[in-house]
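Asker: what's the 3D shape of this:
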Amino acid sequence: MASILKGRVLGKGSYGTVYLAESIDGTLIPPIAIKSCLLQKSVSLHLEERSLIRLHGCPGIVQCFGSYLSFENGAVFYNLLLEYAARGSLWDLIQNGPTLCERDVQRYTGMILRGLTSMHLSGMVHCDLKPSNILVFPGSQEGFKHDQLKIADFGLVKEVGFLNECEDHWKFRFRGTPNYMSPESVARGQIGPALDVWSLGCIVVEMLTGKPAWWPRCQDIETLMYRLARLKESPKDQRIYPRMGRTFSESALQ
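Answerer: I've put the predicted structure just below:
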């Protein structure tokens, strides 16, 4: 893109680096984030772009504005243009405190559910739903009174067509972040919409308590995997849930 360049770094991950876009000539541009990586390592970004094109305009899903290639320091980079979330991620919101009130948790859960519904009806499973992959947009930016949440980071998404296909189509190798994985995905490698719903249940617990759903019972990955795959446990704790959180989480963490 001739009119923009990469500004300050917003974040880094296994996918590459995210920058805030800046105008070359000072022209006002909408707030855009540039997710960038080496072209030879851009498989997940290509998948993310294809998924976001299919989901363009869907509520609760971050919007993509296209992509371009750039030549930098002797290497070719693949750059994905995305909505810029000025408030950061849901993880930032939880970490910065205070603990979210029940009304906010209800509102945010509804926003995430709208995004998941759009994905699942389009035959996609996110496979890595967690607070750091949910972006927070100021309500004023979106034309709303309250902050708006949108699902992002589609690098592990599975696109398998219609949801009524043979169950075998939903079985793939293990993927995602252990703290948010469901028992069937850990034990049998089974990936389907239920995985995203389980992950959302874990996120609701984290919003209500300020701590990961498995904290403090599982302080290492090995213990978590054992509890999920062998004991088939869920991270429910009846003592700390408000009524809304208990009811929803009981349904999601089945």
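
Asker: name the nearest residue to the residue nearest to the spatial centre of the chain, sequence neighbours excluded.
Answerer: The C-alpha lying nearest the average C-alpha coordinate of the chain belongs to Asn133 (CA atoms, centre = their mean; 3.0 Å). The shortest distance from Asn133 to any residue other than its chain neighbours is 4.1 Å, reached at Asp153 (CB to CB, 6 or more residues apart in numbering). Yep, even glycine has a C-beta here, placed from its N, CA and C like the rest.

Asker: this protein: helices as residue ranges?
Answerer: 43-54, 90-96, 102-121, 139-142, 183-187, 193-209, 221-229, 243-252 (DSSP state H).

Asker: re earlier: so who does the residue nearest to the centre of the chain touch?
Answerer: If a contact means CB atoms under 8 Å, 6 or more residues apart in numbering, then Asn133 has 89, 126, 151-153 as its contacts.

Asker: hmm, which two among those residues are most spread apart?
Answerer: The widest separation within the contacts of Asn133, taken as CB to CB, falls between Ser89 and His126 and amounts to 14.6 Å.

Asker: of those two, who's got more company?
Answerer: His126 (26 against 20; other CB atoms under 10 Å).

Asker: which non-adjacent residue is nearest that one?
Answerer: Taking CB to CB, 6+ apart as the measure, His126 lies nearest to Asp196, with 5.2 Å between them; neighbours along the chain are not counted.

Asker: next one, pLDDT for the one you found please.
Answerer: Per-residue confidence (pLDDT) for Asp196: 94.

Asker: wouldn't it be in contact with Leu129 here?
Answerer: Yes: contact status for Asp196 versus Leu129: in contact at 5.2 Å, counting by CB atoms under 8 Å.

Asker: which residues are common contacts for the two?
Answerer: Each of Leu116 lies in contact with both Asp196 and Leu129 under the rule CB under 8 Å, 6+ apart.

Asker: just to revisit the earlier point, list the contacts of the residue nearest to His126.
Answerer: With contacts taken as CB under 8 Å, 6+ apart, Asp196 has the following neighbours: 116, 119-120, 125-127, 129.

Asker: now do stretch 90-109: distance to the chain's middle.
Answerer: Going by CA atoms, centre = their mean, to the nearest Å, the spacing between the C-alpha centre of stretch 90-109 and its chain's C-alpha centre is 15 Å.

Asker: can you pull the alpha-carbon coordinates of that stretch into PDB?
Answerer: Taking Å, rounded to 0.1, in the frame of the first residue of the first chain, the C-alpha atoms of stretch 90-109 are listed here in PDB:
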ATOM      1  CA  LEU A  90     -10.500  -8.700  26.600                       C
ATOM      2  CA  TRP A  91      -7.400 -10.100  28.300                       C
ATOM      3  CA  ASP A  92      -6.200  -6.500  28.900                       C
ATOM      4  CA  LEU A  93      -9.600  -5.600  30.300                       C
ATOM      5  CA  ILE A  94      -9.500  -8.500  32.700                       C
ATOM      6  CA  GLN A  95      -5.900  -8.000  33.800                       C
ATOM      7  CA  ASN A  96      -6.300  -4.300  34.400                       C
ATOM      8  CA  GLY A  97      -9.200  -4.800  36.700                       C
ATOM      9  CA  PRO A  98     -11.400  -4.300  38.500                       C
ATOM     10  CA  THR A  99     -13.300  -7.600  38.200                       C
ATOM     11  CA  LEU A 100     -16.100  -7.100  35.600                       C
ATOM     12  CA  CYS A 101     -19.600  -6.700  36.900                       C
ATOM     13  CA  GLU A 102     -22.300  -9.300  36.100                       C
ATOM     14  CA  ARG A 103     -24.100  -6.900  33.700                       C
ATOM     15  CA  ASP A 104     -20.900  -6.300  31.700                       C
ATOM     16  CA  VAL A 105     -20.200 -10.100  31.600                       C
ATOM     17  CA  GLN A 106     -23.700 -10.700  30.300                       C
ATOM     18  CA  ARG A 107     -23.300  -8.000  27.600                       C
ATOM     19  CA  TYR A 108     -19.800  -9.200  26.500                       C
ATOM     20  CA  THR A 109     -20.900 -12.900  26.400                       C
END
